[in-house]
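> This is the structure alone, sequence omitted:
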């Protein structure tokens, strides 16, 4: 469960959003769709950092607010007097409010679910994602401040290394694949007839969809449960997490020392530190919780304009492919900001597929692994500083009225022209 309230930030006057596995935000340019995604991503990051460090005050402060939200997500000038960000999940509630001159913070744990957290890999995929194709030396670009484009480029650098020539990334149903030759530092698009072209020379559609598919594939498959090399600061953080968990949830039974656990010996803690448990089952439960905090369990993806430079039928194939990737793990989640009615219609097909009883027909039409339950998706129209839920709860689909709104306006003008 996640709920986000936003007031007086950029074009957003008063917004209340409940998040599901899939979340779609549709609306005109400059209506605040991406602003919602940026703030949601920021709150998800804050939650993650608090969970890993167990120190809310380290991240709910003015320095982190300006650096991680305003500068990182390029929201300079968006923060107004009387602003509010309130985030509530199954694990915690926090709020950030006030004015640019005086910011107030509040925080509260939800003790019942305190240790049920599962670590996500959070990724923000901006509309400018083709930067990694159109600028040959993108990895040498210097930014004055850390921002979400730089974060995306860093994520792409990690992702593309998982697609060498012997393990190419197939691109939807286009008969194309991508690979990265690290030794020669070259990216290629391989065509099934045997021809190849440089990624730099590919079409604008490919330059947009290749890094999108590559990064989502990496996040939902390659990154899961992968041990990582920790810095000294991260080692200290992990040991602090273990100590806090042990103190709050695991106690010795009548002083009997039955099972001992020796923490990893690290540079920062050269001597092994022993923890005692009342049973092997208790020690196993401790290890399970630590793994869920220290290893990536799922992906939380925030995506701007998946339709960018793509023909409508390719948009449909992309939506089916993305749903298949997100559905691989129960806790994966996706937030999309879009202008495209084709993206909404594509998701509508996947929702309708969940209502069909003929599994063979569903598989041949959209692919059973791409099906989305009506309860697993929230869809909001963003306009005039607020949001409107556009799910039709009677038909259990996205509202057809909202899907066809732009087409109706165009058709109405065409009818008028016919009468002239």
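Done, it's in. Computed from a predicted structure; not experimentally measured.

> Would you map the helices across the stretch 101-250 of the chain?
Using DSSP state H, counting those that start in this stretch, the helices found in the stretch 101-250 of the chain span residues 131-134, 148-160, 204-217, 232-249.

> Return the most buried member of the ones you listed.
Among the helices of the stretch 101-250 of the chain, ranked by average contacts under mean count of other CB atoms under 10 Å, first place goes to helix 204-217 (a mean of 22). Every residue, glycine included, has its C-beta placed from N, CA and C.

> For that one, enumerate the helices and strands it packs against.
In terms of contacts (3 or more CB pairs under 8 Å, 6 or more residues apart in numbering; DSSP states H and E), helix 204-217 is packed against strand 120-125, helix 131-134, helix 148-160, strand 169-170, strand 176-181, strand 298-304, helix 312-326.

> how far is that helix from where the chain is centred?
Relative to its parent chain, helix 204-217 has a centroid offset of 16 Å by CA atoms, centre = their mean, to the nearest Å.

> Identify all contacting residues around that helix.
Here helix 204-217 makes contact (CB atoms under 8 Å, 6 or more residues apart in numbering) with 123, 125, 129-130, 132-134, 152, 155-156, 159-160, 162-163, 169, 171-172, 176, 178, 189, 199, 202, 299, 301, 303, 306, 308-311, 314, 318, 321-322, 325.

> mind listing what's buried in stretch 52-64?
52-54, 56, 59-60, 64 (16 or more other CB atoms under 10 Å).

> before we move on, back to that, buried among the contacts of helix 204-217? Make that a ChimeraX selection.
Burial among those is assessed by 16+ other CB under 10 Å; the matching ChimeraX selection reads:
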select :123,125,129,130,132,133,152,155,156,159,160,163,169,171,172,176,178,189,199,202,299,301,303,306,308,310,314,318,321,322,325
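
> just to revisit the earlier point, make JSON lines out of the helices of the stretch 101-250 of the chain and add distance to residue 285 and mean pLDDT.
Formatted as JSON lines, the helices of the stretch 101-250 of the chain follow (distance: least, CB to CB, whole Å; pLDDT from 0 to 100):
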{"stretch": "helix 131-134", "distance to residue 285": "42", "mean pLDDT": "91"}
{"stretch": "helix 148-160", "distance to residue 285": "32", "mean pLDDT": "93"}
{"stretch": "helix 204-217", "distance to residue 285": "33", "mean pLDDT": "96"}
{"stretch": "helix 232-249", "distance to residue 285": "9", "mean pLDDT": "88"}
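
> Indicate which one of those helices is closest to residue 368.
Among the helices of the stretch 101-250 of the chain, helix 204-217 comes nearest to residue 368, with 19.4 Å by CB to CB.

> can you tell which of the helices and strands packed on helix 204-217 is closest to residue 249?
strand 120-125 (21.6 Å).

> What strands flank that closest one, and is each parallel or antiparallel?
Strand pairing for strand 120-125, using DSSP bridges, gives strand 298-304 (parallel).

> Mind listing residues that contact the partner strand?
Residues from elsewhere that reach strand 298-304 (CB under 8 Å, 6+ apart): 34, 37-38, 40-41, 44, 118, 120-127, 212, 216, 219-220, 223-224, 326, 329-337.
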